[in-house]
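Undergrad: just need the structure, nothing else, for what follows:
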Amino acid sequence: MKDLIQRATPAHIVAMAEIHAASFPPREAWEEDAFALQLVMPGVFGLIHPHGGLLLARVTMNEAEVLTLAVAPEARRQGIARALLAAAMATAKRQDACEMFLEVAVGNASAQALYKRAGFTEAGRRPRYYADGGDALVLRAPLQ
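TA: Residues are numbered from 1 along each chain as shown. Predicted coordinates:
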């Protein structure tokens, strides 16, 4: 799985927006312009899996943050998210990040299980973080 992961470029923007739209409710899905803007920001890198997965992350100083991770519904439960997350953690570590953070919906048990297996633990909570009013857990993992 991880051998198929590529560094995202502007040529991947349409595919990234399509994956995101298939993976999130309409009010939470990012459009092409959001991906275009993110990919040119300092410290941001994107990863894409050709079977329908993407991850955007940012490294600032010695910290990294997952901005979004999405796998199209038809591509789920094949290890794509796990491979993308592992690749992002390795990429951030190579860029001298010591830890990685992310937010996950309190009700998203499958994503929480993925992150726990990757070494993430709860670091906080953001009340009413999502458009539907749901809370987010802030998770962190050391990059070793």
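Undergrad: longest single helix anywhere in the chain?
TA: helix 80-94 (DSSP state H).
Undergrad: quick one: residue 58 and residue 43 touch, right?
TA: Yes - using CB atoms under 8 Å, residue 58 is in contact with residue 43, at 4.9 Å. Glycine gets a C-beta too; all of them are placed from N, C-alpha and C.
Undergrad: find the centremost residue of this structure, please.
TA: residue 69 (2.8 Å; CA atoms, centre = their mean).
Undergrad: residue 102 and residue 114 touch, don't they?
TA: No - applying CB under 8 Å, one finds residue 102 not in contact with residue 114, separated by 10.5 Å.
Undergrad: these two: who's more crowded?
TA: residue 102 (25 against 17; other CB atoms under 10 Å).
Undergrad: residue contacts, that one?
TA: The contact partners of residue 102, by CB atoms under 8 Å, 6 or more residues apart in numbering, come to 65, 66, 69, 115, 120, 138, 139.
Undergrad: measure it to residue 26 for me?
TA: With distances taken as CB to CB, to the nearest Å, residue 102 is found 22 Å from residue 26.
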